[in-house]
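Asks: The following comprises the amino acid sequence and a computationally predicted model.
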Amino acid sequence: MDPKELQEIPFFAGLGKRELEQVGQWTDRVDVREGTVLGRQGSVAYEFFVILDGSADVHVDGERVADLGPGDFFGEIGLLEAERRTATVTAATAMQLVVVFGREFRAMDRELPQVAAQVREAIAERLARMPG
């Protein structure tokens, strides 16, 4: 992705030019249709998403637990903590997403500590809210 586009996304806003250029090499923009399952609970996690436009529903054990919209992100727990998806995320509307695949996400986790810290903070918050 273009680093200029990335700096407009709150998740990446605190990064400098060099970091944005690196993240740009690790990210792609994807469009999905309403109803697309972006991650299924229990399946192997392969990617991390940041929502640019649209909304998604999050279900755990069949129960709706959250709604996500622009600026929200998901997929990080499966990549960094659990290896498997902890929730099912479905596009509630047509969506535009930034996607980072697992290998690149792990490189981002190692090489950009400020992004890694933000992601790990979100993981801790989400795991604390999970039932059971």
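Replies: Good, I have the coordinates.

Asks: So for Thr93, what's the pLDDT?
Replies: pLDDT recorded at Thr93 is 98.

Asks: tell me the contacts of the closest residue to it other than its chain neighbours?
Replies: Leaving out its chain neighbours, the residue that sits closest to Thr93 by CB to CB, 6 or more residues apart in numbering is Gly54, at 4.4 Å. C-beta here means a position set from N, CA and C on the backbone, and glycine is covered the same way. Neighbouring residues of Gly54 by CB atoms under 8 Å, 6 or more residues apart in numbering: Val32, Gly69, Pro70, Ala91, Ala92, Thr93, Ala94, Met95, Gln96, Leu97.

Asks: In strands, which of those residues fall?
Replies: With strands taken from DSSP state E, the overlap with the contacts of Gly54 comprises Val32, Ala91, Met95, Gln96, Leu97.

Asks: so how far is Gln41 from the nearest residue to the third one once chain neighbours are set aside?
Replies: What sits nearest to Met95 in space, not counting adjacent residues and going by CB to CB, 6+ apart, is Gly54, at 3.1 Å. Computed with CB to CB, to the nearest Å, the distance linking Gly54 and Gln41 is 21 Å.

Asks: can you pull the alpha-carbon coordinates of whichever strand or helix holds Val99 into CSV?
Replies: Remark: Val99 resides in strand 95-101, with elements defined by DSSP states H and E. Only the C-alpha atoms of strand 95-101 are listed here, as CSV (Å, rounded to 0.1, in the frame of the first residue of the first chain):
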residue,chain,number,x,y,z
MET,A,95,-15.9,-3.4,3.3
GLN,A,96,-12.5,-2.0,2.4
LEU,A,97,-9.7,-3.5,4.5
VAL,A,98,-6.0,-3.3,5.0
VAL,A,99,-4.7,-6.9,5.2
VAL,A,100,-1.4,-8.1,6.6
PHE,A,101,-0.6,-11.8,6.2
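
Asks: moving C-terminal of that strand, what's the next helix or strand?
Replies: helix 102-111.

Asks: Need the contact partners of that next one.
Replies: So helix 102-111 is contacted by 22-23, 25-27, 45-48, 76, 79-80, 100, 115-116, 119 (CB under 8 Å, 6+ apart).
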